[in-house]
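>>> Provide a 3D model corresponding to the input given below.
(one chain, ligands or ions: 2)
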Amino acid sequence: MSLSRLFSPLSFSRRGLCLVGKASQRSASTNDADNNRRVLITGGMGQLGTGMAKIMRNKYGNDNVILSDIKKPTQEILSQGPYLYADVLDIKHLNSIVVNYGIDWVVHFSALLSAVGELNPRKALEVNVDGFHNIVESSSFHKLRLFSPSTIGAFGPDSPKVLCPDLTIMRPRTVYGVSKVHMELLGEYYSQHGLDFRSLRFPGVIGADTEPGGGTTDYAVHIFHSVAKTGHYSCFLKKDTRLPMIYIDDCLRAAVEFMEFPSEALTQRTYNVTAMSFSPEELVEEMKRYYPKMRVDYEPDERKQSIAESWPQVLDDIRARSDWGWKPDYDISRMVKVMIEKIDPNSTL
Ligand SMILES: NC(=O)C1=CN([C@@H]2O[C@H](COP(=O)(O)OP(=O)(O)OC[C@H]3O[C@@H](n4cnc5c(N)ncnc54)[C@H](O)[C@@H]3O)[C@@H](O)[C@H]2O)C=CC1
Ligand SMILES: CC(=O)[C@H](N)C(=O)O
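Numbers count the residues shown, from 1 in each chain. Ligands and ions are numbered 1, 2, ... in the order given. Presented below is the predicted three-dimensional model:
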């Protein structure tokens with residue numbers, strides 16, 4: 001065990017294997033080194049961070065997963081495990097966390113998403129590009145495994161709309177997309193020089209628990225909350241705007257399974273993953289099984305609509321499926337059912 005572990009500010013806890021679903025079957029094959037793993041999650045107060053911390057703490061032990069952000073956590077989050085203030089723009093502080101806490105893996109979630117990034121491109125470049133430079137440099141220097149998600153937003157209007165493959169024309173039109181292509185390429189560059197860098201291009205993530213952070217796909221979360229409260233939703237995309245989507249449990253499971261997969265068995269460093277594709281009107285059709293009287297107006301926001309129209313409608317994730325066994329559990333009807341059960345448990349079919 002390294003000195004940094006022995007003198008770490010956290011007491012080291014060995015976990016029992018608390019295993020869930022398919023990911024757990026894989027983790028049964030994890031070795032002792034895996035059991036000693038310590039993970040830092042950046043941007044942990046966002047849509048994906050707290051869910052990821054929950055899954056990883058179940059697998060690797062509470063104290064071995066450190067959630068961080070620049071935001072003040074709720075009491076509930078503080079009570080769940082270690083939490084640190086960490087600004088990804090401060091490389092010295094990042095390095096001190098890695099050393100003092102004996103970090104082996106970084107899950108880098110800090111980012112400004114597509115819609116909010118267009119409102120403040122300078123800030124988006126700072127967090128998404130400068131922040132990633134710090135993360136990749138620190139991860140490389142300390143020989144960590146780095147997972148940093150990419151997005152369908154890395155594609156652009158010249159990419160194939162249907163069955164968009166891993167390797168194709170990118171040329172995104174948003175600062176978010178540009179920063180993510182930069183992230184993918186720089187991570188792959190560092191991986192040629194020894195860094196264990198991994199990235200998944202996620203579609204829009206749909207989850208009930210946390211407010212999404214300002215993306216173009218956020219309508220597919222907002223609609224559930226709004227209809228449960230008022231029976232009505234005003235959608236910022238046109239009704240036929242089809243986009244790839246994934247339920248949050250599938251998204252986080254994909255990330256953990258991919259991170260745990262042996263490095264030498266991966267044939268590439270960045271993979272598409274997807275679970276379903278639908279338009280707002282197709283989502284409404286599915287939701288009407290639960291809310292037959294729900295009403296939806298379409299008031300497209302020009303900026304968000306043009307972002308959505310620049311993205312692929314359907315991703316091809318065949319390589320993730322064949323290389324490391326990716327398979328989603330949730331299609332649109334299962335996703336809608338579970339979202340409504342969580343957000344509006346009193347609704348009836
Ligand atoms: N949620 C989605 O639909 C998708 C997300 N992704 C990617 O997954 C990752 C996580 O996304 P979300 O959780 O949805 O994002 P989010 O916007 O909900 O959360 C991002 C977090 O980053 C934090 N942050 C901002 N500036 C920071 C800084 N200087 N230092 C440290 N933290 C900072 C924010 O406080 C926020 O809590 C991002 O890289 C995003 O691009 C990719 C595709 C889809
Ligand atoms: C697909 C994403 O990356 C995100 N949800 C966004 O809409 O910006």
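>>> Go ahead and name everything in contact with stretch 333-349.
206, 208-209, 224-225, 228, 245, 247, 275-276, 283, 286-287, 289-291, 330 (CB atoms under 8 Å, 6 or more residues apart in numbering). Using the backbone N, CA and C atoms, a C-beta is placed for each residue, glycine as well.
>>> I'd guessed residue 170 sits against residue 153; true?
No - checked against CB atoms under 8 Å, the pair residue 170 and residue 153 is beyond contact range at 10.3 Å.
>>> Touching both of those two, which residues are there?
In contact with both residue 170 and residue 153: residue 177, using CB under 8 Å, 6+ apart.
>>> Same drill for these two, tell me which one is more crowded.
In this view residue 170 and residue 153 are compared by other CB atoms under 10 Å, and residue 153 has more residues nearby, 30 against 16.
>>> ok, now which ones touch the nearest residue to that one once chain neighbours are set aside?
Spatially, and ignoring its direct neighbours in sequence, residue 153 is nearest to residue 177 (4.4 Å; CB to CB, 6 or more residues apart in numbering). Under the criterion of CB under 8 Å, 6+ apart, the contact list for residue 177 reads 114, 151, 153, 154, 155, 156, 170.
>>> go on, residue 199?
Residues counted as contacts of residue 199 (CB under 8 Å, 6+ apart) are 147, 148, 149, 150, 183, 184, 187, 269, 270, 271.
>>> burial of residue 130, as a residue count?
14.
>>> do you know how far it is from residue 246?
According to CB to CB, to the nearest Å, residue 130 stands 28 Å off from residue 246.
>>> And residue 36, by the same measure?
With distances taken as CB to CB, residue 36 is found 31 Å from residue 246.
>>> Name the residue in these two with the higher neighbour count.
When neighbours are counted by other CB under 10 Å, residue 36 and residue 246 differ, and residue 246 comes out ahead with 27 against 17.
>>> Correct me if wrong, but the more buried one is in a helix.
No - with DSSP: H, G, I helix; E, B strand; the rest coil as the criterion, residue 246 is located in strand rather than a helix.
>>> Would you mark the buried spots in stretch 191-202?
Of the residues in stretch 191-202, 191, 195, 196, 197, 198, 199, 200, 201, 202 count as buried by neighbour count, 16 or more other CB atoms under 10 Å.
>>> now swap in stretch 177-191 and tell me
If you call a residue buried by 16+ other CB under 10 Å, then stretch 177-191 has these buried ones: 177, 178, 179, 180, 181, 182, 183, 184, 186, 187, 190, 191.
>>> Out of these, which comes closest to ligand 1?
Comparing the buried residues of stretch 177-191 against ligand 1 with CB to the nearest ligand atom picks out residue 180 as the nearest, at 6.6 Å.
>>> you'd agree that closest one is up against residue 128?
Yes - the pair residue 180 and residue 128 passes the contact test of CB under 8 Å, sitting 7.2 Å apart.
>>> Tell me the gap between the helix or strand containing residue 342 and the middle of its chain.
According to DSSP states H and E, residue 342 maps onto helix 332-343. Relative to its parent chain, helix 332-343 has a centroid offset of 19 Å by CA atoms, centre = their mean, to the nearest Å.
>>> That one near ligand 1 at all?
No - interface with ligand 1: helix 332-343 contributes nothing (CB under 6 Å from any ligand atom), its closest point being 13.3 Å away.
>>> Alpha carbons only: can I get that helix in CSV?
Included here for helix 332-343 are C-alpha records, laid out as CSV according to Å, rounded to 0.1, in the frame of the first residue of the first chain:
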residue,chain,number,x,y,z
ILE,A,332,-38.7,4.3,-24.1
SER,A,333,-41.7,2.5,-22.5
ARG,A,334,-39.6,1.2,-19.6
MET,A,335,-38.0,4.6,-19.1
VAL,A,336,-41.3,6.5,-19.1
LYS,A,337,-42.8,4.0,-16.6
VAL,A,338,-39.9,4.3,-14.1
MET,A,339,-39.7,8.1,-14.5
ILE,A,340,-43.4,8.4,-13.7
GLU,A,341,-43.2,6.0,-10.8
LYS,A,342,-40.4,8.1,-9.3
ILE,A,343,-41.8,11.6,-10.0
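>>> So which other helices or strands are in contact with the helix or strand where residue 138 lies?
Assigned by DSSP H and E, residue 138 belongs to helix 131-141. In this structure, helix 131-141 makes packing contacts with helix 91-100, strand 105-108, strand 145-147, helix 175-192, judged by 3 or more CB pairs under 8 Å, 6 or more residues apart in numbering; DSSP states H and E.
>>> The closest residue to ligand 1 within the stretch 1-150 of the chain: how many residues sit nearby?
For the stretch 1-150 of the chain and ligand 1, the shortest gap (CB to the nearest ligand atom) falls at residue 46, measuring 2.0 Å. Using other CB under 10 Å as the criterion, residue 46 is surrounded by 22 other residues.
>>> these two touch, right, it and residue 209?
No - taking contacts as CB under 8 Å, residue 46 lies outside contact range of residue 209: 11.6 Å.
>>> Show the contacting residues for the residue in the stretch 151-300 of the chain positioned nearest to ligand 2.
In the stretch 151-300 of the chain, the residue that lies nearest ligand 2 is residue 215 (2.4 Å; CB to the nearest ligand atom). Taking CB under 8 Å, 6+ apart, we find residue 215 in contact with 113, 114, 115, 116, 204.
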